[in-house]
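*Asks:* here is the input, now give the coordinates:
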Amino acid sequence: MNKLTIITPDDWHLHLRDSPFMEAVVGDTARQFGRAIIMPNLSPPVRSCADAMAYRQRILAALPAHSRFNPLMTLYLTDNTAVTDIEAAGKSEFIHGAKLYPAGATTNSDAGVTDLAKLDRVFESMQEHRLVLQVHGEATAPGVDIFDREKVFIDQSLERIRRDFPGLRIVFEHITTLDAVEYVRAGDDCLAATITPHHLLINRNAIFQGGIRPHHYCLPVAKRERHRQALLDAACVGEARFFAGTDSAPHSKNAKEAACGCAGIYSAHSAVELYAEAFEQAGDFTHFETFMSCNGAHFYELPQNQGSITLTRNEWSVPDSLPYPDSSLIPFKAGETLRWKLVDDE
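*Replies:* Numbering: from 1, shown residues only. Purely as a prediction, here's the structure:
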């Protein structure tokens, strides 16, 4: 097979930052995807509907001319999130969920949640208004090993949320382990998960090949090979609860290559090609369109996109770097060869 044509896909987990950085990256996503769930972890965070609407307008203003890309907005949950904000979000045409960051879990999560019990009324309201809870699923207590954070979060937090709010739709974001795959598979129709291209393509060895590789460092970190294989199986077999979410997170070269480098991998430059690369490794494109274009829309209760995109088997090299304010941006797989190339919007 030398050509793939699929329904225009969506990115169900994306970081765009804010001006002046957003302008450097939003075109990459808009070129490939019809929609994206926009993460709210700006500084300061997107906490209210007014914040979300203002951010959405800045995104739309930064898009290339004639772009039809539709940003789907979210709110940032804190210990003090008001039910009135959730009620307003439930009435909004553009807000589709709220993001739960355990405090300190990742970039700009310091304002995140310290005690899930403080959100019980918020979760009740989200359940009532059919808003999706997007979860960064890592336990952040100091004694938890970084490679065990996902499993501990399932046991200590996610299971409790699902038990107490059985009608709450939850996306377990950027899963990285066999444990998470099995947990989602064993769940009901209110639970789904996103999988990133980088967690499909690298295991934790990639962080240390030839020395510290800061551009392979993200949170949650890549895990053992058996976990990567479990993610690849979940993506490729066509199960409805798994779909694409890049977690593409731009940081400047200077911020990554530092004594305390930032967590995040920039995959948006070639996101669809990277997912195709993963399916190529698995040797089966049967459910590529289902994973990229159908499952997420169904879970979010949205129609599939109109139109299509086409990729051809055509080897090309990912750029070594990209322009970025005050520095440069190193894309995932920089300087490496990919076997599929996005060539056209149908």
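
*Asks:* let's verify the nearest residue to residue 44 once chain neighbours are set aside: helix, strand, or coil?
*Replies:* Once flanking residues are discounted, residue 44 sits nearest to residue 111: 7.6 Å by C-beta to C-beta, 6 or more residues apart in numbering. Every residue, glycine included, has its C-beta placed from N, CA and C. The assignment at residue 111 comes out as coil when based on DSSP: H, G, I helix; E, B strand; the rest coil.

*Asks:* what do you get for residue 156?
*Replies:* helix.

*Asks:* can I assume it is in contact with residue 139?
*Replies:* Yes. Taking contacts as C-beta atoms under 8 Å, residue 156 lies within contact range of residue 139: 5.9 Å.

*Asks:* when those two are compared, which one has more neighbours?
*Replies:* When residue 156 and residue 139 are compared for neighbours, residue 139 comes out ahead with 20 against 13, by other C-beta atoms under 10 Å.

*Asks:* any idea how far residue 132 is from that one?
*Replies:* Between residue 139 and residue 132 the computed distance is 21 Å (C-beta to C-beta, to the nearest Å).

*Asks:* how about residue 11?
*Replies:* For residue 11, the distance to residue 132 - C-beta to C-beta - is 15 Å.

*Asks:* ok, these two, which is more surrounded?
*Replies:* Each of residue 11 and residue 132 has its neighbours counted (other C-beta under 10 Å); residue 11 has more, 29 against 23.

*Asks:* identify the residue nearest the more buried one in space, chain neighbours excluded?
*Replies:* Using C-beta to C-beta, 6+ apart, the closest residue to residue 11 is residue 36 (4.0 Å).

*Asks:* quick one, helices of the chain?
*Replies:* All helices of the chain, identified by DSSP state H, fall at 22-32, 49-62, 83-91, 120-129, 149-153, 159-164, 178-185, 197-201, 225-236, 253-256, 271-282, 288-289, 295-299.

*Asks:* can I get those helices in CSV with mean pLDDT?
*Replies:* Output for these, formatted as CSV (pLDDT from 0 to 100):
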stretch, mean pLDDT
helix 22-32, 98
helix 49-62, 98
helix 83-91, 97
helix 120-129, 97
helix 149-153, 97
helix 159-164, 97
helix 178-185, 98
helix 197-201, 98
helix 225-236, 98
helix 253-256, 97
helix 271-282, 98
helix 288-289, 98
helix 295-299, 98
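
*Asks:* which of the ones you listed sits closest to residue 213?
*Replies:* Closest approach to residue 213 among these is made by helix 253-256 (9.9 Å; C-beta to C-beta).

*Asks:* ok, residues contacting that closest one?
*Replies:* Here helix 253-256 makes contact (C-beta atoms under 8 Å, 6 or more residues apart in numbering) with 214-215, 217, 261-262, 264, 321, 324, 326-330.

*Asks:* just to revisit the earlier point, could you dump the helices of the chain to CSV with distance to residue 6?
*Replies:* Listed next are the helices of the chain as CSV, based on distance: least, C-beta to C-beta, whole Å:
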stretch, distance to residue 6
helix 22-32, 11
helix 49-62, 24
helix 83-91, 31
helix 120-129, 31
helix 149-153, 29
helix 159-164, 32
helix 178-185, 23
helix 197-201, 15
helix 225-236, 14
helix 253-256, 32
helix 271-282, 9
helix 288-289, 4
helix 295-299, 12
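
*Asks:* I am finished for the moment; much appreciated.
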